[in-house]
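**Q** mind looking at a prediction? Sequence and model below.
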Amino acid sequence: MRLAPIITAIVASAALYAIVLEREWLFGLVGREIPSQVSAKASTGNSADQEAVADDADKSDGRDLVRVLAMQSVSRDVESRIVLGGKTEATRIVDLKSEIAGLVISEPKRKGSLVRGGQIICELDAGARKAALAEAEARLVEARSNLSISSKLVKEGFATETKVVADRAALKTSEAAVERASLELKRLKIAAPFDGLLESDAAEIGSLLQPGSLCARIVQLDPIRLVGFVSESQVDSLNSGLDVSAALLNGRSVSGKLTFISRSADSATRTFRIEVEVPNADLSIRDGSTVEISIVTKRERGHFIPQSALTLNNQGILGVRTVENDIAQFSPVRIIRDTIDGIWISGLPDQANVIVAGQEFVTEGTPVLVTYRASPT
């Protein structure tokens, strides 16, 4: 039989008895005070610590507080906007085409060239058209003379009224022939209808143009048009003349006025076309570029908060938790617009303490211990 385990058990039992039931005798044996007495002395001898403990007691007021982080927010003027993707469009794009057949005799203007309204782009060879005009003018003189003579003969009784009617018809035919020949000569010169930019080379010298053949393409880029499509829920908030800003992919920002709102929806997307005119005097904005359009619909007061501060109450209503007299409250809000840095909301008073961290751990009427942080700018 081994004695070691028995002796060990006896010693452990004696030690446990001394620690639990004979603490005063044991601490007196080693010359130390009981920890509870040390705590009592410390509490009676340090008035600064007593005040701190009292302050904490006053803060808690006997309640179980939840720590939250809040920001003191003041409402500011904010613009409600509709933001949509779009593209740029030339104000005008015209294909200049020949109305008659003829050889090009003018030097071609190259694409990219600036042209003015009325400037000749293509000129065709007259051919026999000048001779045709001269012949028509001669026949007109003859017709006028014949009508004058026949009118006199009728008065003297040497001609019938039928002769006068025939000569009058011949005169009208001659006048029409002269007008037609003159118009043919005018069509020899194809001019730009407005100031613009050549998008294609003009017809080459010596080339034969037929009726409907392309002389050149001209685009007007000043002002340039921004085109986008808005949904059915957004279109009623728009009016012609609203301020519009837009951002191009190259980082450039431009501004203009809303000039057109379609009354007819696209049959496939159920969206409505809108147009904005933007100055483009230097022609730096190209036709067909991608653009982000931002339309200011109205201005109102709102608060700027982090997106993470939004929450839902038990009924599923969107809002934020606020603090009033160290009590958590719930306030329904409406989103005005969001940005990369935060979100604009309405529905709060001009000044509000918005909980931005810990709002998920409190409900309506929960006592809180608040720490404040600076509001975002």
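**A** Yep, it's here. Numbering: from 1, shown residues only.
**Q** in the sheet, who's paired with residue 198?
**A** As for beta bridges, residue 198 partners with residue 218 under DSSP bridges.
**Q** how about residue 335?
**A** For residue 335, the residues forming beta bridges with it (DSSP bridges) are residue 345.
**Q** check whether it really touches residue 320, as I assumed.
**A** No: with contacts defined as CB atoms under 8 Å, residue 335 does not count as touching residue 320, sitting 11.1 Å away. The way it works is simple: take the backbone N, C-alpha and C, and place the C-beta from them, glycine included.
**Q** who has more neighbours, the two?
**A** Neighbours per residue, other CB atoms under 10 Å: of residue 335 and residue 320, the larger number sits with residue 320, 23 against 14.
**Q** secondary structure class for the more buried one?
**A** The three-state label for residue 320, taken from DSSP: H, G, I helix; E, B strand; the rest coil, comes out as strand.
**Q** which residues touch it?
**A** With contacts taken as CB atoms under 8 Å, 6 or more residues apart in numbering, residue 320 has the following neighbours: 305, 309-311, 330-331, 333, 345, 348, 354-355, 359.
**Q** okay, those in JSON lines with neighbour count next?
**A** Below are the contacts of residue 320 laid out as JSON lines (neighbours: other CB atoms under 10 Å):
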{"residue": "305", "neighbour count": "23"}
{"residue": "309", "neighbour count": "24"}
{"residue": "310", "neighbour count": "16"}
{"residue": "311", "neighbour count": "16"}
{"residue": "330", "neighbour count": "20"}
{"residue": "331", "neighbour count": "17"}
{"residue": "333", "neighbour count": "24"}
{"residue": "345", "neighbour count": "28"}
{"residue": "348", "neighbour count": "21"}
{"residue": "354", "neighbour count": "22"}
{"residue": "355", "neighbour count": "24"}
{"residue": "359", "neighbour count": "23"}
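**Q** just list whatever residues bridge to residue 299.
**A** Under DSSP bridges, the beta-bridge partners of residue 299 are residue 79.
**Q** ok, residue 92 next?
**A** residue 220.
**Q** now the spatially most central residue of the chain, which residues is it bridged with?
**A** Geometric centre of the chain, nearest residue: residue 293, 2.2 Å, by CA atoms, centre = their mean. Counting by DSSP bridges, residue 293 forms beta bridges with residue 84, residue 246.
**Q** please verify my assumption that it contacts residue 225.
**A** No: Residue 293 is not in contact with residue 225 according to CB under 8 Å; the separation is 11.4 Å.
**Q** okay, and the common contacts of those two?
**A** Counting by CB under 8 Å, 6+ apart, the contacts common to residue 293 and residue 225 are residue 276.
**Q** span of stretch 196-206 from start to end?
**A** End-to-end span of stretch 196-206 (CA to CA, to the nearest Å): 25 Å.
**Q** in strands, which of the contacts of residue 320 appear?
**A** Assignment to strands by DSSP state E places the following of those there: 305, 310-311, 330-331, 345, 354-355.
**Q** could you identify the most distant pair in those?
**A** Taking CB to CB as the measure, the ones in strands among the contacts of residue 320 reach their widest spread between 305 and 330, a distance of 14.5 Å.
**Q** quick revisit: which among the contacts of residue 320 gets closest to residue 221?
**A** Distances from the contacts of residue 320 to residue 221 were compared by CB to CB; the smallest belongs to residue 345, at 40.5 Å.
**Q** from residue 82, how far out is that closest one?
**A** Here residue 345 is placed at a distance of 17 Å from residue 82 (CB to CB, to the nearest Å).
**Q** cool, residue 95 as well?
**A** From residue 95 over to residue 82 (counting by CB to CB), the distance is 35 Å.
**Q** same check on residue 301?
**A** Between residue 301 and residue 82 the computed distance is 19 Å (CB to CB).
**Q** these two - which one has more neighbours?
**A** In this view residue 301 and residue 82 are compared by other CB under 10 Å, and residue 82 has more residues nearby, 20 against 15.
**Q** where does the more buried one sit: helix, strand or coil?
**A** Classification of residue 82 by three-state DSSP places it in strand.
**Q** avg pLDDT for the lengthiest helix in the chain?
**A** For the chain, the helix reaching the highest residue count under DSSP state H is reported as helix 129-156. Over the span of helix 129-156, the pLDDT mean works out to 88.
**Q** low-confidence ranges, this protein, go.
**A** For the chain, residues meeting the criterion pLDDT under 70 lie at 1-3, 11, 15-64, 375-377.
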